[in-house]
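Colleague: Sequence below, structure please.
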Amino acid sequence: MGKTYNNAQPRSTFSKDSSEKKGPSPATVLRAQRAEGASQNAIEGFALFCVANILANLAKLSVYHRNLFAGSYLGLRVLFMILYIITTNKKLSYARTLVFFAMVSECFYVIIRSASHFA
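Modeller: Got it, this is the predicted structure:
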């Protein structure tokens with residue numbers, strides 16, 4: 001259990017070390033692992049995005065605000081995935097964490113704003 005959590009390579013912290021195998025360079029293997037982690041994160045975050053969109057539609061929020069939310073969320077998602085794939089040090093991983101926090105906060109803002117229309 002002697003491993004510590006690595007925020008720059010979060011999904012590989014508890015996986016087997018695949019850099020010992022012959023094949024691609026260790027840097028390529030790590031980048032592929034980060035790309036896979038970014039893909040998994042996007043799939044996991046899709047549910048929250050859908051819930052926020054559905055509630056915004058049910059609450060009849062303005063089309064402008066719904067489009068603004070969707071566009072900014074998708075823009076942040078692309079930025080997050082780029083940061084996830086290129087991050088190799090802990091300093092840059094904190095920027096990725098801030099982008100993730102902005103995406104999740106944006107979803108919760110839309111959910112709360114939509115809920116206030118039902119009250």
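Colleague: Okay, now the unreliable bits of the protein?
Modeller: Counting by pLDDT under 70, the chain shows low-confidence ranges at 1-5, 12-22.
Colleague: Run through the helices of it in chain order.
Modeller: Using DSSP state H, the helices of the chain run over residues 26-58, 63-86, 90-118.
Colleague: With Arg77 as the reference, measure out to Val104.
Modeller: 11 Å (Cβ to Cβ, to the nearest Å). Quick note: C-beta positions are derived from backbone N, CA and C, even for glycine.
Colleague: how about a markdown table for the helices of the chain, with distance to Arg11 and mean neighbour count added?
Modeller: As requested, the helices of the chain are exported to a markdown table (distance: least, Cβ to Cβ, whole Å; neighbours: other Cβ atoms under 10 Å):
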| stretch | distance to Arg11 | mean neighbour count |
| --- | --- | --- |
| helix 26-58 | 4 | 15 |
| helix 63-86 | 9 | 15 |
| helix 90-118 | 12 | 15 |
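Colleague: need the contact list for the closest residue to Gln40 other than its chain neighbours.
Modeller: Spatial nearest neighbour of Gln40, chain neighbours left out: Arg11 (7.1 Å); criterion: Cβ to Cβ, 6 or more residues apart in numbering. By Cβ atoms under 8 Å, 6 or more residues apart in numbering, Arg11 lies in contact with Gln33, Arg34, Glu36, Gly37, Gln40.
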